[in-house]
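Peer 1: A predicted structure for the sequence below; I have some questions about it.
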Amino acid sequence: AQSVTQLGSHVSVSEGALVLLRCNYSSSVPPYLFWYVQYPNQGLQLLLKYTTGATLVKGINGFEAEFKKSETSFHLTKPSAHMSDAAEYFCAVRQGGKLIFGQGTELSVKP
Amino acid sequence: DAGVIQSPRHEVTEMGQEVTLRCKPISGHDYLFWYRQTMMRGLELLIYFNNNVPIDDSGMPEDRFSAKMPNASFSTLKIQPSEPRDSAVYFCASSFRTNTGELFFGEGSRLTVL
């Protein structure tokens, strides 16, 4: 069975600093990987996804993630944090017809 | 196009009462998912449907929970009787064929059982 592990339930950065949210996956087949964002009192929105092809994936709001098979990782990055990036971020892996989500990482951005 | 629509957005009820949560997926989507989100357990998949047929209900916690999808534009999640430990945010999501696996989520139904 596929699974994802997000390292760090809470990450705090200063505005303008690099954002790095970590995700490692476990999969017996080539994975489809996703990052979703959840703003307070809202549902989840897709940030970006990796299916096949280029391992560096660009998403919305300046976020990107790199699929590294050798490290079984799919870390999310953004060069410069903005206050509006404060939210909870979920990594997910596709298993059959469903998505399996990690536990989530809450990102705080300090002025 | 309208997104996934859930109702009610908030529900407060007393233990033992029946709760019905409703979902209208995006038109044309053939997969529908029910997730539950709590602080302790994160996001849990309860059940999902393909073309109105339940495919995997292994995440349904117990017999008090039931879900139906009578047609392509409507699904319900029912809890009877409800218990305080059922308090959570329940999300409905839909997708098309899961070729890429992208799910579109509703805004959720926040359930509080007193």
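Peer 2: Looks like it came in fine. Residues are numbered from 1 along each chain as shown, chains lettered A, B, ... in the order given.
Peer 1: count of neighbours near B:Thr76?
Peer 2: Taking other Cβ atoms under 10 Å in any protein chain shown as the criterion, the count of residues near B:Thr76 is 15. The C-beta positions use only the backbone N, C-alpha and C, and glycine is treated the same way.
Peer 1: Which neighbours in the sheet does the host helix or strand of it have, and how are they oriented?
Peer 2: Secondary structure from DSSP states H and E places B:Thr76 in strand B:74-79. Partners of strand B:74-79 in the sheet, by DSSP bridges, are strand B:19-24 (antiparallel), strand B:65-71 (antiparallel).
Peer 1: What residues sit buried inside that strand?
Peer 2: B:Ser75, B:Leu77, B:Ile79 (16 or more other Cβ atoms under 10 Å in any protein chain shown).
Peer 1: One more: stretch A:32-47?
Peer 2: Of all the residues in stretch A:32-47, those buried under the rule 16+ other Cβ under 10 Å are A:Tyr32, A:Leu33, A:Phe34, A:Trp35, A:Tyr36, A:Val37, A:Gln38, A:Gly43, A:Leu44, A:Leu46, A:Leu47.
Peer 1: Of those, just say which sits nearest to chain B.
Peer 2: A:Gly43 (3.4 Å; Cβ to the nearest Cβ).
Peer 1: ok, and the closest non-adjacent residue to the closest one?
Peer 2: Using Cβ to Cβ, 6 or more residues apart in numbering or on different chains and skipping residues adjacent in sequence, the residue nearest A:Gly43 is B:Phe105, 3.4 Å away.
Peer 1: what pLDDT does the one you found get?
Peer 2: For B:Phe105, the model assigns a pLDDT of 94.
Peer 1: And B:Lys68, by the same measure?
Peer 2: For B:Lys68, the predicted pLDDT is 97.
Peer 1: tally of neighbours for it?
Peer 2: 14.
Peer 1: So what pairs up with it in the strands?
Peer 2: Beta-bridge partners, per DSSP bridges, of B:Lys68: B:Thr76.
Peer 1: tell me the contacts of it?
Peer 2: B:Ser75, B:Thr76, B:Lys78 (Cβ atoms under 8 Å, 6 or more residues apart in numbering or on different chains).
Peer 1: same thing but 10 Å
Peer 2: B:Ile47, B:Phe49, B:Asn52, B:Pro54, B:Phe74, B:Ser75, B:Thr76, B:Leu77, B:Lys78 (Cβ atoms under 10 Å, 6 or more residues apart in numbering or on different chains).
Peer 1: where in chain B is pLDDT low?
Peer 2: B:1, B:98-100 (pLDDT under 70).
Peer 1: Strands of that one, start to end?
Peer 2: For chain B, the strands defined by DSSP state E occupy B:5-7, B:10-13, B:19-24, B:31-38, B:42-50, B:53-56, B:65-71, B:74-79, B:88-95, B:104-105, B:109-113.
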